[in-house]
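Chemist: generate a structure from the sequence data that follows.
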Amino acid sequence: MSEVRVCVLRIEGTNCEDEMAEAFRMCGAAPEKVHLNQMTGNAPAELRRDLEDYDILALPGGFSAGDYVRAGAIFGARIKSSIGKRLRDFVDSEKPVLGVCNGFQILVELGLLPAAEETMTPFPTAALYNNDSGRFECRPTVLRNDSRGRCRLVSEMPRGRILAIPSAHAEGKLLGMDADLADRLEDNDQIVFRYVTPEGNDADYPWNPNGTRSNIAGICNPAGNVLGMMPHPERVMTRFTHSDWTRGYSSEDGDGKEIIMSVVRAVRS
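Modeler: Numbers count the residues shown, from 1 in each chain. So this is what the prediction gives:
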């Protein structure tokens, strides 16, 4: 099969694009770091890119546009105003979209998540708010795959799988326009990852670093091809970048590789 092409989209302030591109490269894909200006035509002809030429869109972490207004708000507005229709078509064609940390925030600002009623809502229906601690939290976190089958991007990962994936964010508390968001996501099988303790139990702070209800760490859209998550799988692609790597391990692969590989396989399958 021809190579899987990945667009790692960035603007000023994005700072995890190198790790994201390398993560996909380690999983056999062909990533390219693309500035939004290359998509809008505001670049020399030889540097211009078209979203439809890619198989996967990845929105990496960082502090796009300095997190002014809200984290991800400016990047989301720039995407929607310039390539919004192409992005909607990309999602409607069932191609995978992955947003990590700031990328998750951008997907919510775009209206691609939670997107309960349409592909991309005109206005955000949720946001990632300040952590309950009131500070930036950079710490080991543990996730459990709670998807019951809707999310195609983790379809080959066993339900209940426990993964050690680090978090690093100041605004990771998912809140909706109404207080029932977590219940609706649960009923619709849109909750993909939850924060848990290392033993797999319900998490309190610090294992839930932001205080989000129902320990939500990652959600998907109703179609199952858009996944947003706060923790960073691209930072633990090998066992040697795990915080406990000296304590013994059976494989040199890190837990993050299972997530990125699952996204790539969603295209190949």
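Chemist: could you use CA atoms for every contact and neighbour count after this?
Modeler: Fine.
Chemist: show me where pLDDT drops low in this structure?
Modeler: 1-2 (pLDDT under 70).
Chemist: in it, which spans are strands?
Modeler: 5-10, 30-35, 56-59, 97-100, 126-130, 137-139, 142-145, 162-164, 167-169, 171-176, 191-196, 216-220, 226-229 (DSSP state E).
Chemist: closest to Gly111 out of these?
Modeler: Smallest distance to Gly111 across those (C-alpha to C-alpha): 8.3 Å, for strand 126-130.
Chemist: which other helices and strands contact that closest one?
Modeler: helix 102-110, strand 171-176 (3 or more C-alpha pairs under 8 Å, 6 or more residues apart in numbering; DSSP states H and E).
Chemist: neighbouring strands - and their directions - for the shortest one?
Modeler: Strands adjacent to strand 171-176 in the sheet, as given by DSSP bridges, are strand 126-130 (antiparallel).
Chemist: how big is the angle separating the partner strand from helix 102-110?
Modeler: The directions of strand 126-130 and helix 102-110 differ by 130 degrees, with axes from the mean of the first three to the mean of the last three C-alpha atoms, to 10 degrees as the criterion.
Chemist: tilt between the lengthiest helix in the chain and strand 5-10?
Modeler: Ordering each helix of the chain by length in residues (DSSP state H) puts helix 73-92 first. Angle, helix 73-92 to strand 5-10, by the same axes, to 10 degrees: 160 degrees.
Chemist: begin at 601 from here
Modeler: Fine by me, first position is 601 from now on; the one you just mentioned is helix 673-692.
Chemist: show me which residues of helix 673-692 are buried.
Modeler: 673-676, 678-680, 683-684, 686-687, 690-691 (16 or more other C-alpha atoms under 10 Å).
Chemist: how about the residues you listed in JSON lines, adding distance to Asp844?
Modeler: Putting those into JSON lines (distance: C-alpha to C-alpha, whole Å) gives the following:
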{"residue": "Ala673", "distance to Asp844": "35"}
{"residue": "Ile674", "distance to Asp844": "37"}
{"residue": "Phe675", "distance to Asp844": "35"}
{"residue": "Gly676", "distance to Asp844": "36"}
{"residue": "Arg678", "distance to Asp844": "40"}
{"residue": "Ile679", "distance to Asp844": "38"}
{"residue": "Lys680", "distance to Asp844": "41"}
{"residue": "Ile683", "distance to Asp844": "42"}
{"residue": "Gly684", "distance to Asp844": "42"}
{"residue": "Arg686", "distance to Asp844": "42"}
{"residue": "Leu687", "distance to Asp844": "39"}
{"residue": "Phe690", "distance to Asp844": "39"}
{"residue": "Val691", "distance to Asp844": "37"}
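Chemist: re earlier: could you export the longest helix of the chain as CSV, CA atoms only?
Modeler: Only the C-alpha atoms of helix 673-692 are listed here, as CSV (Å, rounded to 0.1, in the frame of the first residue of the first chain):
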residue,chain,number,x,y,z
ALA,A,673,-9.0,29.9,19.9
ILE,A,674,-7.0,32.0,17.5
PHE,A,675,-5.6,29.0,15.6
GLY,A,676,-9.1,27.5,15.4
ALA,A,677,-10.5,30.8,14.1
ARG,A,678,-7.8,31.1,11.5
ILE,A,679,-8.3,27.5,10.2
LYS,A,680,-12.1,27.9,10.1
SER,A,681,-11.9,31.3,8.2
SER,A,682,-9.4,30.1,5.6
ILE,A,683,-9.7,26.3,5.0
GLY,A,684,-12.8,25.5,7.0
LYS,A,685,-14.7,24.0,4.1
ARG,A,686,-11.8,21.8,3.1
LEU,A,687,-11.4,20.7,6.7
ARG,A,688,-15.1,19.7,6.9
ASP,A,689,-14.7,17.8,3.6
PHE,A,690,-11.6,16.1,5.1
VAL,A,691,-13.5,14.9,8.1
ASP,A,692,-16.6,14.0,6.1
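Chemist: and it, what does it pack onto?
Modeler: helix 636-640, helix 702-710.
Chemist: what does the last one contact?
Modeler: Right, helix 702-710. Residues from elsewhere that reach helix 702-710, judged by C-alpha atoms under 8 Å, 6 or more residues apart in numbering: 658-664, 671-673, 675-677, 679-680, 698-699, 713-714, 720-721, 723-728, 827-830.
Chemist: filter the residues you listed down to the buried ones, ChimeraX style.
Modeler: Listed next is the ChimeraX selection for buried residues among these, using 16+ other C-alpha under 10 Å:
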select :658,659,660,661,662,663,664,671,672,673,675,676,679,680,698,699,713,714,720,721,724,725,726,727,728,827,828,829,830
